[in-house]
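**Student:** Structure, please.
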Amino acid sequence: MSEFKLLTCIEEEDGVKLAELACKPVRTGTASLSRKEAETLLPQVPTWSLGEREITREFRFRDFRQAMDFVNNVASIANAEDHHPDIFVSYNNVRLTLSTHKIGGLSMNDFIMAAKIDLLAIQWKV
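**Tutor:** Predicted structure coming up:
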């Protein structure tokens, strides 16, 4: 059973949320999620936008210091999960892009990280 199908079964039966899962190493050559699989997962991270091979979310903060504090918190989560977003900062705006570079597209790890970042954003009220 694929990782995607397994997660769908877990969601339906056990109520496990993406943010409760841990990122797993992805091997080179692993197939990225299909567009349909990504679209099925997207409602679990509704604040993120689905692109060609990535998901993206933008955040706005009071000032640069608050934006950087948030980025540092995201970096802590990313290091703990060993899955790192691309981070773009412009004064009080932060844009995060998640994609699994090793496979040139989206993996389950991208959606897990998005869910964890969403929990952080709730704490920051952004």
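**Student:** hey, let's count contacts and neighbours off CA atoms from now on
**Tutor:** OK.
**Student:** where does the protein dip in pLDDT?
**Tutor:** Applying pLDDT under 70 to the chain flags the ranges 1-15.
**Student:** which stretches of it form helices?
**Tutor:** Per DSSP state H, the chain carries helices over the ranges 3-14, 35-41, 64-81, 108-124.
**Student:** how about the longest one: buried residues?
**Tutor:** Spelled out, it's helix 64-81. For helix 64-81, the neighbour count (16 or more other CA atoms under 10 Å) marks Phe64, Gln66, Ala67, Met68, Phe70, Val71, Val74, Ala75, Ile77, Ala78, Glu81 as buried.
**Student:** quick one: contacts of it?
**Tutor:** Taking contacts as CA atoms under 8 Å, 6 or more residues apart in numbering, the residues outside helix 64-81 that touch it are 22-23, 60-61, 84-85, 87, 89, 91-94, 113, 116-117, 120, 124.
**Student:** Quick one: neighbours of Arg53, just the number.
**Tutor:** 20 (other CA atoms under 10 Å).
**Student:** Let me see the contact set for it.
**Tutor:** Residues near Arg53 by CA under 8 Å, 6+ apart: Ser99, Gly104, Gly105, Leu106.
**Student:** Which residue would you name as the spatial centre of the chain?
**Tutor:** The residue lying closest to the centre of the chain (CA atoms, centre = their mean) is Ala114, at 2.3 Å.
**Student:** any idea how far it lies from Glu81?
**Tutor:** Going from Ala114 to Glu81 by CA to CA, to the nearest Å gives 12 Å.
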